[in-house]
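In: Structural data only, the sequence is not supplied:
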Ligand SMILES: NC(=O)C1=CN([C@@H]2O[C@H](COP(=O)(O)OP(=O)(O)OC[C@H]3O[C@@H](n4cnc5c(N)ncnc54)[C@H](O)[C@@H]3O)[C@@H](O)[C@H]2O)C=CC1
Ligand SMILES: O=C(O)CCC(=O)C(=O)O
């Protein structure tokens with residue numbers, strides 16, 4: 001039974017769902033990185049929010065880990081390249097807390113417009129400073145969104161309801177989507193010059209880090225108010241403090257900080273500054289949503305092989321998974337066959353599908369071919385890390401879907417290009433379930449790939465099979481299955497033999513086989 005650790009505070013529904021769906025679960029929160037590293041080796045899954053930092057050191061200690069699930073959106077607390085390299089799937093829940101976070105941004109916009117926190121503190125201190133707190137209306141003001149994805153779009157919708165004009169800077173926002181949202185797509189400089197309120201809704205990336213830099217803040221309209229419910233690091237906090245002190249920025253509200261938790265900060269106690277402790281996602285509704293989603297997704301993966309909302313692997317629904325399973329086995333074996341046969345450097349690999357296979361999502365099939373192929377060169381390869389390893393090796397990967405009727409109701413072909421030219425193998429599924437090799441390097445053959453096998457290329461002539469059988473018999477090698485194919489219809493050409501044998505064939509026996517008259521090459525193969 002897969003074992004899952006919940007290492008951050010999460011709604012109890014998560015643990016309940018893990019148990020209901022066949023996982024054992026421990027909830028241990030507030031651990032130091034050392035404490036986590038000491039126990040993580042026992043777990044197949046790790047469910048987190050933002051407190052647990054899934055660093056390379058944690059991943060190195062996580063010898064059984066298959067999936068990290070983030071109950072939330074941002075995954076900047078997970079070293080995704082390190083997880084991918086280790087073959088660990090990283091998932092998030094991209095929609096469960098978006099409404100809540102958008103509402104927090106709107107709440108902070110109101111808080112700034114009417115100085116609510118300061119007015120509250122003053123009133124409760126018995127001051128009744130009616131003349132001190134002069135607010136501004138939101139109606140007819142311009143709201144500038146930096147980032148118009150899930151959360152930005154919801155903020156836009158709410159702001160339009162408040163009769164604001166909404167403009168957005170987002171390089172990936174299409175003009176059609178902007179029209180659909182009822183907002184205007186602008187450049188960053190235009191947004192800075194026009195917005196009365198600016199709200200940030202992008203992830204923290206190399207492109208967005210410090211997007212509101214000192215220079216950018218200087219380009220804003222005097223009296224602008226700024227809200228950040230996305231990630232610390234998007235705004236230059238020192239420059240923001242200066243701009244608030246000088247009065248150029250009339251107010252700023254931050255839910256997120258460059259360093260969290262922010263127990264102290266130069267911005268604290270600055271007039272017109274509002275702070276919340278990364279509360280964007282903190283509503284009971286959002287926390288139930290993300291806890292349920294993350295547990296369902298992780299359990300689906302661990303128990304049924306379904307992949308949803310993974311950031312480093314193609315999606316595969318739990319319903320699709322059983323249908324794709326035999327294809328993955330076929331694809332892995334074809335990839336592994338080519339990987340073992342080709343000792344030359346493979347420059348490119350093409351995965352072609354036709355018939356029933358052409359109706360399926362190709363991404364998992366491609367990932368399985370690559371996993372099989374790469375497993376011939378390195379250990380600990382799986383469908384998660386194989387595409388990354390292939391990229392690292394400079395392998396060009398092509399996917400081709402044929403819309404044609406072939407000899408087989410379904411076919412997967414893997415072709416590689418080496419210095420010696422292109423070679424390909426192909427396989428089908430018998431009864432929609434059993435993987436079967438049907439072609440190897442241009443020669444028709446029918447064989448199940450599995451266990452230990454021998455691949456022999458020889459001259460097609462009488463007596464060869466007898467010599468081969470005797471040599472193997474003398475070496476006490478038992479032949480389990482025997483498959484034969486030849487390039488030409490008549491004897492004298494090239495033939496291939498695929499034998500499955502009961503164990504690995506020792507080097508001296510392979511050498512003897514190579515010495516047999518008519519043998520061109522002998523390869524020992526192993527399938528998982
Ligand atoms: N404060 C909190 O508790 C929470 C914070 N968040 C944060 O909110 C952020 C946004 O979340 P979603 O809207 O769900 O993400 P999303 O991926 O749907 O949207 C992000 C948008 O940013 C845009 N973008 C990317 N690079 C950009 C750039 N250089 N300039 C301008 N726009 C750029 C993208 O095109 C995309 O439209 C995430 O970073 C997430 O971590 C999310 C939930 C809760
Ligand atoms: O889990 C949380 O409270 C933080 C949520 C968040 O920042 C996110 O989902 O990106």
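Out: Everything's here; your move. Quantities reported herein were computed from a predicted structural model and do not represent experimental measurements. Ligands and ions are numbered 1, 2, ... in the order given.
In: Spell out which parts of the chain neighbour ligand 1.
Out: Applying the criterion C-beta under 6 Å from any ligand atom, the portion of the chain that neighbours ligand 1 consists of 72-74, 94, 97-98, 101, 146-152, 169-172, 201-203, 205, 207-208, 229-231, 255-256, 278, 280-281. Heads up, the C-betas are built off the backbone N, CA and C, glycines and all.
In: by contact count, what packs against the least confident helix or strand in the chain by mean pLDDT?
Out: Among the secondary structure pieces of the chain, namely its helices and strands, helix 386-392 has the lowest mean (mean pLDDT, DSSP states H and E), a mean of 86. In this structure, helix 386-392 packs against helix 80-85, helix 362-375, with contacts taken as 3 or more C-beta pairs under 8 Å, 6 or more residues apart in numbering; DSSP states H and E.
In: Find the nearest non-adjacent residue to residue 382, please.
Out: What sits nearest to residue 382 in space, not counting adjacent residues and going by C-beta to C-beta, 6 or more residues apart in numbering, is residue 87, at 4.0 Å.
In: so what's the residue in the chain that ligand 1 sits nearest to scoring on pLDDT?
Out: Among residues of the chain, the one nearest ligand 1 by C-beta to the nearest ligand atom turns out to be residue 149. It sits 1.8 Å away. pLDDT, residue 149: 94.
In: What is the burial count for it?
Out: 18 (other C-beta atoms under 10 Å).
In: Could you find the closest non-adjacent residue to it?
Out: Distance criterion C-beta to C-beta, 6+ apart; nearest residue to residue 149, sequence neighbours excluded, is residue 201 at 6.5 Å.
In: Then residue 192?
Out: With C-beta to C-beta, 6+ apart as the measure, residue 219 is the residue that lies nearest to residue 192, at 4.2 Å, once sequence neighbours are left out.
In: For the stretch 1-150 of the chain, which residues are neighbours of ligand 2?
Out: So far as C-beta under 6 Å from any ligand atom goes, the stretch 1-150 of the chain lies against ligand 2 at 49, 50, 72, 73, 74, 97.
In: what's the closest non-adjacent residue to the residue in the stretch 151-300 of the chain positioned nearest to ligand 2?
Out: When distances are taken as C-beta to the nearest ligand atom, the stretch 151-300 of the chain reaches nearest to ligand 2 at residue 281, 3.6 Å away. Closest residue in space to residue 281, ignoring its immediate chain neighbours: residue 97 at 3.8 Å, by C-beta to C-beta, 6+ apart.
In: check contacts around the one you found.
Out: Each residue near residue 97 by C-beta atoms under 8 Å, 6 or more residues apart in numbering is listed here: 72, 73, 280, 281, 283, 286, 287, 289, 290.
In: Does the first one belong to a helix, a strand or coil?
Out: Here residue 72 is coil, with the state taken from DSSP: H, G, I helix; E, B strand; the rest coil.
In: wait, it sits on residue 280?
Out: No: with contact taken as C-beta atoms under 8 Å, residue 72 and residue 280 are classed as non-touching, separated by 9.3 Å.
In: re earlier: want to throw the helices and strands packed on helix 386-392 into CSV with mean pLDDT, mean neighbour count and distance to residue 189?
Out: Converted to CSV, those look like this (pLDDT from 0 to 100; neighbours: other C-beta atoms under 10 Å; distance: least, C-beta to C-beta, whole Å):
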stretch, mean pLDDT, mean neighbour count, distance to residue 189
helix 80-85, 90, 18, 32
helix 362-375, 92, 25, 39
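In: okay if I get those helices as a markdown table plus distance to residue 267?
Out: Formatted as a markdown table, these follow (distance: least, C-beta to C-beta, whole Å):
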| stretch | distance to residue 267 |
| --- | --- |
| helix 80-85 | 30 |
| helix 362-375 | 45 |
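In: excluding its backbone neighbours, what's nearest residue 208?
Out: If the residues on either side of it in the chain are set aside, residue 208 comes closest to residue 202, at 4.5 Å by C-beta to C-beta, 6+ apart.
In: wait, doesn't that neighbour sit right on residue 212?
Out: No: at 10.8 Å, residue 202 and residue 212 do not qualify as touching, with contact defined as C-beta under 8 Å.
In: I'd like the average pLDDT over stretch 517-527.
Out: In this model, stretch 517-527 has a mean pLDDT of 93.
In: Give me the distance from that stretch to the chain's centre.
Out: When C-alpha coordinates are averaged (C-alpha atoms, centre = their mean, to the nearest Å), stretch 517-527 and its chain have centres 39 Å apart.
In: Now do it: everything it contacts.
Out: Applying C-beta under 8 Å, 6+ apart, the external contacts of stretch 517-527 come out as 333, 336-337, 340-341, 449-459, 461, 464, 467, 494, 504-505, 510, 513-514.
In: now swap in stretch 2-15 and tell me
Out: Taking C-beta under 8 Å, 6+ apart as the criterion, the residues outside stretch 2-15 that touch it are 18, 22-29, 31, 36, 39-40, 42-52, 64, 66, 71, 287-288, 290-292, 294-295, 298-299, 302-303.
In: Pull out the buried residues from that stretch.
Out: When burial is assessed from 16 or more other C-beta atoms under 10 Å, stretch 2-15 yields the following buried residues: 2, 4, 5, 6, 7, 8, 10, 11, 13, 14, 15.
In: count of residues packed around residue 358?
Out: Using other C-beta under 10 Å, residue 358 has 18 other residues around it.
In: For it, which residues are in contact?
Out: If you count contacts by C-beta under 8 Å, 6+ apart, residue 358 has them with 401, 402, 403.
In: and of those residues, the nearest to residue 444?
Out: Of all the contacts of residue 358, the one sitting nearest residue 444 is residue 402; the distance, using C-beta to C-beta, is 18.5 Å.
In: which residues does the closest one bridge with?
Out: For residue 402, the beta-bridge partners under DSSP bridges are residue 354.
In: If you count neighbours, what's buried in stretch 191-208?
Out: By 16+ other C-beta under 10 Å, the buried positions in stretch 191-208 come out as 191-192, 194-202, 204, 208.
In: got it, and stretch 287-304?
Out: 287, 289-304.
In: Repeat that for stretch 54-69.
Out: Burial within stretch 54-69, assessed by neighbour count using 16+ other C-beta under 10 Å, is assigned to 54, 55, 58, 59, 61, 62, 65, 66, 67, 68, 69.
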